[in-house]
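**Q** coordinates only, sequence not included:
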């Protein structure tokens, strides 16, 4: 879906709505929707799988969230997932660089900062806790 920002308006148009109602959308609006879809960060995009989350029964909510969570590993739309080679290679490169930085600096002078908002912040917090636990266990 694409977020459109017009003077004092903010609304979402799903790809299905856009395809089924082309007569209602001007060329300028369609162009703005396409541009917004290309520039909106993946973490800020509406997910069509969860578009009916607010009206689903409890078991349906669980299934929807399970499907959305699976996209982390399988990929979302054209974006790679954690299981894709390019992502694993990028993560391995970051790990290798962090390892070198930690080996090059005395422990009291070394620091790796993980930050983010929303999902990236929660993942950073999770990674930092796991890393700190591993360091404590290693002595």
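**A** Yep, that arrived. Given the structure is predicted, the values throughout are model-derived calculations rather than measurements. Numbers count the residues shown, from 1 in each chain.
**Q** I figured residue 102 was touching residue 112, is that so?
**A** Yes - here residue 102 reaches residue 112: they are 7.5 Å apart, a contact under Cβ atoms under 8 Å. C-betas here are computed from N, CA, C, even on glycine.
**Q** residue nearest the centroid of the protein?
**A** The chain has residue 43 as the residue nearest its centroid, 3.6 Å off, counting by Cα atoms, centre = their mean.
**Q** And for that residue, nearest residue in space, chain neighbours not counted?
**A** Closest residue to residue 43 apart from its sequence neighbours, by Cβ to Cβ, 6 or more residues apart in numbering: residue 119 at 5.6 Å.
**Q** Against residue 42, how distant is that neighbour?
**A** 10 Å (Cβ to Cβ, to the nearest Å).
**Q** Run a quick neighbour tally on residue 61.
**A** 15 (other Cβ atoms under 10 Å).
**Q** so what's it up against?
**A** By Cβ atoms under 8 Å, 6 or more residues apart in numbering, the residues touching residue 61 are residue 53.
**Q** Surely it is within a helix?
**A** Yes - counting by DSSP: H, G, I helix; E, B strand; the rest coil, residue 61 is found in a helix.
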